[in-house]
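**Student:** Here's a sequence, model it:
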Amino acid sequence: MKKVDAQSAKVLEEIIREQDHSFELNGQKFKIIAIDIKDDTETTVAEDVERDPELKRKLLQSKKDIEEGNYFTSEEMREMIRSGQV
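**Tutor:** Numbers count the residues shown, from 1 in each chain. Next comes the predicted model:
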């Protein structure tokens, strides 16, 4: 997000105050819209996990694999790919 200087902020505030949220600049038309800081579509990981049983299953399996040492490092996986094992 770009911050505007004081003079630009005054111009934008005037546009909004006049209830005409559109303006023209260099032959192009623009419209100013307000956005909420927190988008309603944003969710937390916990919310995503509760909504998606498959995601929850995969995360629990990953946790179990890590606890049991059933995993490969990135370097190990790259080497397996290079050598054709995967």
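**Student:** This protein: strands as residue ranges?
**Tutor:** Using DSSP state E, the strands assigned to the chain run over residues 22-25, 28-31.
**Student:** got the buried residues for the last one?
**Tutor:** When burial is assessed from 16 or more other C-beta atoms under 10 Å, strand 28-31 yields no buried residues. Every residue, glycine included, has its C-beta placed from N, CA and C.
**Student:** so where's the protein shaky on pLDDT?
**Tutor:** Scanning the chain for pLDDT under 70 picks out the ranges 1, 36-40.
**Student:** ok, which stretches of it are helices?
**Tutor:** Assigned by DSSP state H, the chain shows helices spanning 6-17, 45-51, 53-67, 74-82.
**Student:** May I see the strands of the chain arranged in a markdown table, with distance to residue 63 as well?
**Tutor:** Listed next are the strands of the chain as a markdown table, based on distance: least, C-beta to C-beta, whole Å:
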| stretch | distance to residue 63 |
| --- | --- |
| strand 22-25 | 52 |
| strand 28-31 | 47 |
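**Student:** of all these, which lies closest to residue 77?
**Tutor:** The closest of these to residue 77 is strand 28-31. By C-beta to C-beta, the value is 47.4 Å.
**Student:** And the contacts of the closest one?
**Tutor:** 21, 22, 23, 24 (C-beta atoms under 8 Å, 6 or more residues apart in numbering).
**Student:** partners of that strand in the sheet?
**Tutor:** In its sheet, strand 28-31 lies beside strand 22-25 (antiparallel), with partners assigned from DSSP bridges.
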